[in-house]
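Enquirer: Build the 3D model from these lines:
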Amino acid sequence: MYGIFKPAPHLPKLADDQVDADYKRLRLQVFLGIFIGYAGYYLVRKNFSLAMPFLIEEHGFSKGQLGIALSAVSIAYGLSKFLMGSVSDRSNPRYFLAAGLIVSSGVMFIFGLMPWATSSIAIMFSLLFLNGWVQGMGWPACGRTMVHWFSGNERGRTVSIWNVAHNVGGGLIGPLFVLGMAWFNDWHSAFYVPAAVASFVAVLILFLLRDTPQSCGLPPIESYRDDYPIDYSEKHETEFSAKEIFLQYVLNNKLLWYIAVANAFVYLIRYGVLDWAPTYLSEVKDFSVDKSSWAYFLYEWAGIPGTLLCGYISDRWFKGRRAPAGILFMTLVLIAVLVYWFNPAGNPTIDMAALVAIGFLIYGPVMLIGLQALELVPKKAAGTAAGLTGLFGYLGGAVVANIVMGYTVDAYGWDGGFTLLTGGCIAAILLLAMTLRHETSHDRSARKDSTDSVAVES
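Expert: Here you go, the predicted structure:
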């Protein structure tokens with residue numbers, strides 16, 4: 001990696017009496033940087049969904065056509081999260097994270113301020129593809145930061161708290177749209193108002209974020225907290241080549257592939273509900289623009305307590321095993337999707353409650369799969385591992401939610417769309433059950449390896 005993106009060099013170690021104070025201050029600072037920064041990414045990711053009802057009404061696009069345009073984000077994001085994840089593993093997240101957000105904000109300004117940007121499906125697809133690609137620079141940079149600044153026995157709750165940045169940023173799109181409509185009476189404000197806020201967030205990232213503890217004169221986090229993983233070695237503190245990351249730590253990691261496939265179906269539900277909520281609520285449930293925007297907001301923000309609860313359950317109830325909590329939450333998602341589907345028009349309270357329940361429940365499994373990916377590889381390969389699960393989630397799940405969902409609804413109505421979502425829920429539960437068996441085997445293998453290691457040392 002070259003230029004400003006090159007990992008920051010290690011500095012001479014600080015005096016022992018400075019280490020604790022600096023570590024505490026910088027850990028809080030970098031956490032705020034990745035939390036606020038990733039929330040900023042979501043301000044400029046899913047704006048197109050709020051604009052779709054207007055594109056249908058004013059420009060005459062079909063749901064299937066808009067589904068194709070919307071799929072560009074998922075296609076590009078899935079590829080980018082995997083490929084840029086590898087780049088992120090060899091980059092300074094301080095500049096990597098900020099650069100992606102600046103470009104993404106620029107794309108949203110084009111959508112909001114340039115009339116030609118929404119004149120054809122091809123143009124919208126191209127702009128959304130570019131946006132999806134730079135959006136893929138967000139998660140891996142945050143993942144690299146977390147595994148360097150937070151050790152294994154605190155990482156579950158740390159990732160759970162950080163993960164609600166999805167919901168903070170995504171949920172704020174709705175209120176910002178309402179605010180923009182009040183100020184400008186222009187539905188294009190769904191793009192340029194959030195872009196203005198996200199641009200400010202990109203500047204904050206540069207002030208708050210740092211690369212590794214060693215780049216600040218501090219020891220590795222494992223040494224500072226005396227918390228070493230079973231397979232830890234000094235080699236994990238050196239930068240890996242792309243070949244080492246892919247061949248040694250990712251491609252031959254069976255458990256990583258299992259959770260990646262499960263992630264595809266989790267994302268089908270996540271975006272199949274979220275992306276089509278404004279259109280579905282408007283057409284079937286007679287929601288106004290304001291009510292649909294607030295429903296979108298509540299869906300996202302309901303994920304905050306749900307994610308935290310899911311992380312707590314996986315740590316406390318299931319002793320750090322992620323699959324059982326994922327199965328529990330996905331079973332409840334299935335029930336909520338059925339209520340959302342079969343509740344007749346004229347009961348907006350039930351519609352809103354079902355949508356909030358889906359939002360509350362779905363982000364827990366999303367978080368757990370990402371956390372498992374981080375835990376299954378050395379920290380210098382964390383971005384690539386997370387990228388692999390993202391690749392499956394977005395190409396295998398979100399693209400289906402965009403394109404197939406749109407054409408299914410065009411051909412078979414909303415009942416066809418909800419049949420697809422229901423099948424996705426069931427498939428996710430079954431795949432997580434398969435992951436459970438392998439996760440148990442993995443845990444036993446890890447304990448056996450640890451026991452064997454102690455026996456050899458004795």
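
Enquirer: Give me the buried positions along the helix or strand that contains residue 291.
Expert: If you go by DSSP states H and E, residue 291 is part of helix 289-316. Buried positions in helix 289-316, judged by neighbour count with 16 or more other C-beta atoms under 10 Å: 289, 291-304, 306-311, 313-315. From N, CA and C alone the C-beta is placed, and that goes for glycine too.

Enquirer: just stretch 181-201 next, same as before
Expert: Of the residues in stretch 181-201, those buried under the neighbour-count criterion (16+ other C-beta under 10 Å) are 181, 187-199, 201.

Enquirer: For residue 286, grab the count of nearby residues.
Expert: Under the neighbour criterion other C-beta atoms under 10 Å, residue 286 is assigned a count of 11.

Enquirer: so what's residue 64 up against?
Expert: Contacts were defined as C-beta atoms under 8 Å, 6 or more residues apart in numbering; by that measure residue 64 touches 403, 406-407, 410.

Enquirer: in the protein, which helix or strand is least confident?
Expert: With mean pLDDT, DSSP states H and E as the measure, the helix or strand of the chain carrying the lowest mean pLDDT is helix 242-243 (a mean of 63).

Enquirer: what angle separates the helix or strand harbouring residue 272 from helix 289-316?
Expert: If you go by DSSP H and E, residue 272 is part of helix 254-274. Here helix 254-274 points in a direction 160 degrees away from that of helix 289-316 (axes from the mean of the first three to the mean of the last three C-alpha atoms, to 10 degrees).

Enquirer: elements contacting helix 254-274?
Expert: Using 3 or more C-beta pairs under 8 Å, 6 or more residues apart in numbering; DSSP states H and E as the contact criterion, the neighbours of helix 254-274 among helices and strands are helix 289-316, helix 323-342, helix 348-375, helix 382-391, helix 405-457.

Enquirer: can you do 10 Å?
Expert: Under the contact criterion of 3 or more C-beta pairs under 10 Å, 6 or more residues apart in numbering; DSSP states H and E, the helices and strands touching helix 254-274 comprise helix 63-88, helix 289-316, helix 323-342, helix 348-375, helix 382-391, helix 399, helix 405-457.

Enquirer: Mean neighbour count, these: which tops it?
Expert: Here the criterion is mean neighbour count by mean count of other C-beta atoms under 10 Å, and of those the winner is helix 382-391, at a mean of 29.

Enquirer: CA atoms only: put that helix into PDB for me.
Expert: Output for helix 382-391, consisting of C-alpha atoms alone and laid out as PDB, is shown next (Å, rounded to 0.1, in the frame of the first residue of the first chain):
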ATOM      1  CA  ALA A 382      -9.900  -9.700   9.800                       C
ATOM      2  CA  GLY A 383     -11.000  -7.400   6.900                       C
ATOM      3  CA  THR A 384     -10.800 -10.100   4.300                       C
ATOM      4  CA  ALA A 385     -12.700 -12.600   6.500                       C
ATOM      5  CA  ALA A 386     -15.500 -10.100   7.100                       C
ATOM      6  CA  GLY A 387     -15.400  -9.300   3.400                       C
ATOM      7  CA  LEU A 388     -16.100 -12.900   2.500                       C
ATOM      8  CA  THR A 389     -19.200 -13.100   4.600                       C
ATOM      9  CA  GLY A 390     -20.200  -9.700   3.200                       C
ATOM     10  CA  LEU A 391     -19.700 -11.000  -0.400                       C
END
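
Enquirer: Name the surrounding residues that touch the next helix-or-strand element following that helix.
Expert: Scanning forward in sequence from helix 382-391, with DSSP H and E defining helices and strands, the next element found is helix 399. Among residues not part of helix 399, those counted as contacts by C-beta atoms under 10 Å, 6 or more residues apart in numbering are 67-68, 70-75, 77-78, 264, 267-268, 271, 393, 405.

Enquirer: Would you tell me which one of the residues you listed comes nearest to residue 49?
Expert: For residue 49, the nearest member of the contacts of helix 399 is residue 70. The distance, counting by C-beta to C-beta, is 7.1 Å.

Enquirer: For the buried residues of stretch 181-201, name the two members farthest from one another.
Expert: In the buried residues of stretch 181-201, the most distant members under the criterion C-beta to C-beta are 187 and 201, with 23.1 Å between them.
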